[in-house]
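Colleague: Let's see this in three dimensions:
(chains A and B)
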Amino acid sequence: MMSEEVILKVEKVSKQYRLGIIGTGTLSHDLNRFFAKIRGKEDPFLKIGESNDRATKGNSEYVWALKDISFEVKRGEVLGIIGKNGAGKSTLLKILSKVTGPTTGAIKSRGRIASLLEVGTGFHPEMTGKENIFLNGAILGMTKKEIASKLDEIVSFSGCERYIETPVKRYSSGMKVRLAFAVAAFLEPDILVVDEVLAVGDAEFQKKAIGKMQDISNSEGRTVLFVSHNMGAVKSLCKTGVVLEHGKIMFTGSAEKAVNYYITSERKNSLSNLALRKDRIGSGEFKFVGITFKNKEGLEVNQFMSGDKVLVEIDYVKNPEFDASRIIMSVIFRDNLKQIAASFLSDELPGELQIDETSGKINLEIPNLYLRSERYEISLISFNRRAEMEDALDVIDDVTYINVLKADVFNVGNLNREGFYAIMPAKYYT
Amino acid sequence: MLKIKVKKVYLLLIKCQNDMNQKWLFEITPKTKLIDLNLKEVWSYRDLLMLFVKRDVITLYKQTILGPLWYVIQPLFTSLIFTLIFNSVAGISTGIIPPFLFNLAGVTTWNYFKECLTATSDTFKKNEQIFGKVYFPRIIMPMSIIVSNLLKFGIQLVILIGFYIYYVAIGQNIEPNRFIVLFPMLIVLMGMIGLGLGMIISSLVTKYRDLTFLVTFGVQLLMYMSAVMYPINLMKEKLVSVEEGYDYSWLVDYNPLAHIIEMGRYMILGQGTVTQFGVIYTVLITLVILFLGIIIFNKTEKSFIDTI
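Modeller: Residues are numbered from 1 along each chain as shown, chains lettered A, B, ... in the order given. Take a look at the predicted model:
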């Protein structure tokens, strides 16, 4: 029964912001609001406002950063909150951590909420590491006694023992972050709000931090709200997930499904109409006219996680006279410098290309996309007999792009690093 | 019989569950009650208040040569200049009290109010960084300023006492009033009025930056209106003119700070004009300002991060 207890309830929370310059011009709006209020009427500016899509220009100078957000979190649950930049994640966290109030709606909580929105808040450069531990801890809601009892642990976790009596201004930036995270990690709130603090420090410390996060959520049974762009981390840390888009909740469910939803919603198909492209090389007897990437569920996406199964469907048209029996083609993944990161050449791979009809579909199945997290440009090439330029049938660059997201491909407990190079299945032993 | 018991237990269970559903530790809602000061919460953050005080004290004069001596130099030189200008040049009489001591007493009490006001009126803007990221009762910040200024005031008070003893030693006929026992109350009163005004200004500054300009020179003007370097009686006399037919003495009568300064001098130096009206009025207006300050501060703290 304990585990079913709802510890945090968010009820129809909305947040309105005013765009543009907020200056003395607000005085008239303030007066308007005030008069509406004393007459017992609703705030006249709450009726207006539009959803927060930063890409499209709106008419109203008021926008809803959040609109009717409702969800519940149970005790011990680790909830991932995902969404693009500007989806309202940070606003939601700010409201949850009481930094700013909601415009309408309510949040009910049965536990103390502490946030790791930004580590090292309130560090004073002139004070020593130890003094700052006390100040920072108190700002985050600990009492002096609590901090004193954990001081040794905090200091050793940060790995700054030698500098602990030195003013923080003499610290390297990495040391500051370590010290700050150490303080925050030893907080004991009922609900912990984490916003991508894992992206700090060196690799060794990151591992320590992720380990601590897992400890907190697993063994200690703490409720954690985790906000991240890192789909791999969300998948491995969270049980449930919420997807935000333009200030609204688009999806609630298991973390796995939420990540999938997020990836599919990111799909981009504007570039896949290749038939109209003019910037191509080749005889034109064979032409690519469309490309779609699908994930293992068969959904059209342009984001994959490292190691995911990828299905590529390529549409083509062909001159009826042309004999395509000796065609060689490839789907090429290029890095940001146009260098080839991977190429799937048809004459090197098993399977058969049967191109008899004047139009049709070619499928490429990649069982595991062993590429690291980056954005890859896709090129399509096709040749007759030899893979040389004089035999080119159709060559197009930048047909679309694919985002590869970080994952723990071989389930070793570490996310793979970024980079435009392959992750190979292999094993160490001694 | 058993059935009834089971039903009772069952009902009790449901009741428990309902109670649990009702009981939330706290709620975050947009509408604030007019006064929403959770004193229990503020008390639970008392360690933070003391740590802020500690921070202010140990960091203020880091990397200065004279260090805390600045606490002393500032009032001494101000009093010296006041004595030169107002007493030597302008010839204002301070009665049997040596003019320098008279001014020093005024400046010391005035300084505490001034420091409290100017420092707290900056609360939201100065702490935007911290306030934007972490929640704690915002009122902790201005309160910590009031307390840490107390230390500064204490040092200046020691200087005042030093000169006091010096003047008594050289045979000046001065002695404190028996109301000196109420002096701590006066300090509390000054702290409260400084806190209240500071909170009001800091709340308004988040939206209307004009006020930052007003504070610096407003405080300066207020000092002249608060009888810091002349006796309150003398000031009132000069503000009334029967021949020209004007009476601006209300400027002093309704200025709580003039009363506070005068009360301070009355307690320490045993000379001054303290009226019943002045005392009651000052206490009342201080409470009103503090109360108003808390209300406005409370309203602002929930949403200031969006408007600053």
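
Colleague: Ramachandran coordinates for A:Glu365?
Modeller: phi -110, psi 120 (degrees, to the nearest 10).

Colleague: For the residue nearest to it when sequence neighbours are not counted, give me its contacts.
Modeller: Of all residues not flanking A:Glu365 in the chain, A:Leu311 sits nearest, at 5.7 Å (CB to CB, 6 or more residues apart in numbering or on different chains). Yep, even glycine has a C-beta here, placed from its N, CA and C like the rest. Shown in contact with A:Leu311 (CB atoms under 8 Å, 6 or more residues apart in numbering or on different chains): A:293-296, A:298, A:363-366.

Colleague: Skip the chain neighbours and tell me the closest residue to the residue of the stretch 201-350 of chain A found nearest chain B.
Modeller: Residue nearest to chain B within the stretch 201-350 of chain A: A:Thr223 (12.6 Å; CB to the nearest CB). Excluding the flanking residues, the one nearest A:Thr223 by CB to CB, 6+ apart is A:Ile191, at 4.6 Å.

Colleague: Check A:Arg386 too.
Modeller: A:Arg386 sits nearest to A:Ile328 (CB to CB, 6+ apart), 7.7 Å away.

Colleague: Bridged to that neighbour, which residues?
Modeller: When assigned by DSSP bridges, A:Ile328 has beta-bridge partners A:Phe383.

Colleague: circling back: pretty sure the residue of the stretch 201-350 of chain A closest to chain B sits against A:Glu77.
Modeller: Yes: contact criterion CB atoms under 8 Å: A:Thr223 and A:Glu77 qualify, at 5.8 Å.

Colleague: Which one's more surrounded, these two?
Modeller: For A:Thr223 and A:Glu77, the more surrounded residue by other CB atoms under 10 Å in any protein chain shown is A:Thr223, and the numbers stand at 24 against 21.

Colleague: Give the next helix or strand downstream of the one helix or strand in chain A whose mean pLDDT sits lowest.
Modeller: Ranking every helix and strand in chain A by mean pLDDT, DSSP states H and E puts strand A:50-51 at the bottom, with a mean of 58. Using DSSP states H and E, the helix or strand that follows strand A:50-51 in sequence is strand A:62-74.

Colleague: Wasn't B:Lys40 part of a helix?
Modeller: Yes: assignment of B:Lys40 by DSSP: H, G, I helix; E, B strand; the rest coil places it within a helix.

Colleague: Please list the outside residues in contact with the helix or strand hosting A:Val224.
Modeller: Element membership for A:Val224 (DSSP H and E) is strand A:223-227. Contact with strand A:223-227 is made by A:7-8, A:73-82, A:89-90, A:93, A:96, A:111, A:190-196, A:213, A:216-217, A:233-234, A:237-238, as judged by CB under 8 Å, 6+ apart.

Colleague: Sort out which of those residues are buried, if you could.
Modeller: Buried subset of these (neighbour count, 16 or more other CB atoms under 10 Å in any protein chain shown): A:7-8, A:73-82, A:89-90, A:93, A:96, A:111, A:190-195, A:213, A:216-217, A:233-234, A:237-238.

Colleague: Spell out which residues sit in contact with the residue most central in space within chain B, please.
Modeller: Centroid-nearest residue in chain B, with CA atoms, centre = their mean: B:Gly194, separated by 2.3 Å. For B:Gly194, the contact set (CB under 8 Å, 6+ apart) comprises B:112-117, B:120, B:146.

Colleague: at 6 Å what do you get?
Modeller: Residues near B:Gly194 by CB atoms under 6 Å, 6 or more residues apart in numbering or on different chains: B:113, B:116-117.

Colleague: Show me those residues that map onto helices.
Modeller: Among the contacts of B:Gly194, the residues falling in helices (DSSP state H) are B:113, B:116-117.

Colleague: What subset of the residues you listed is buried?
Modeller: B:113, B:116-117.

Colleague: the strands in the stretch 201-350 of chain A, which residues?
Modeller: In the stretch 201-350 of chain A, the segments counted as strands under DSSP state E, counting those that start in this stretch are A:223-227, A:240-245, A:248-254, A:286-294, A:303-305, A:310-318, A:327-334, A:340-345.

Colleague: mean confidence for the last one?
Modeller: Model confidence over strand A:340-345 averages 90 on the pLDDT scale.

Colleague: What pairs with it, parallel or antiparallel?
Modeller: Strand A:340-345 has its sheet partners listed here by DSSP bridges as strand A:327-334 (antiparallel).

Colleague: What of the third one?
Modeller: In the sheet, strand A:248-254 lines up against strand A:240-245 (antiparallel) (DSSP bridges).

Colleague: and the longest helix anywhere in chain B, which residues are buried?
Modeller: If you go by DSSP H, chain B has its longest helix at helix B:140-169. By neighbour count with 16+ other CB under 10 Å, helix B:140-169 contains the buried residues B:140-150, B:152-153, B:155-157, B:159-160, B:163-164, B:167.

Colleague: Give the other helices and strands that that helix contacts.
Modeller: helix B:46-60, helix B:69-82, helix B:99-120, helix B:183-205 (3 or more CB pairs under 6 Å, 6 or more residues apart in numbering or on different chains; DSSP states H and E).

Colleague: residues near the residue nearest to A:Asp335 when sequence neighbours are not counted, how many?
Modeller: Spatial nearest neighbour of A:Asp335, excluding adjacent residues (CB to CB, 6+ apart): A:Phe420 at 3.6 Å. Neighbour count of A:Phe420, defined by other CB under 10 Å: 20.

Colleague: do the same with A:Arg386
Modeller: When neighbours are defined as other CB under 10 Å, A:Arg386 has 11 of them.

Colleague: now swap in A:Glu245 and tell me
Modeller: 20.

Colleague: B:Thr212 now?
Modeller: If you count neighbours by other CB under 10 Å, B:Thr212 ends up with 15.

Colleague: Also A:Thr430?
Modeller: Counted with other CB under 10 Å, residues neighbouring A:Thr430 total 2.

Colleague: got it, and A:Ile328?
Modeller: 18.

Colleague: Surely it touches A:Phe344?
Modeller: No: with contacts counted by CB atoms under 6 Å, A:Ile328 stays clear of A:Phe344, the gap being 11.3 Å.
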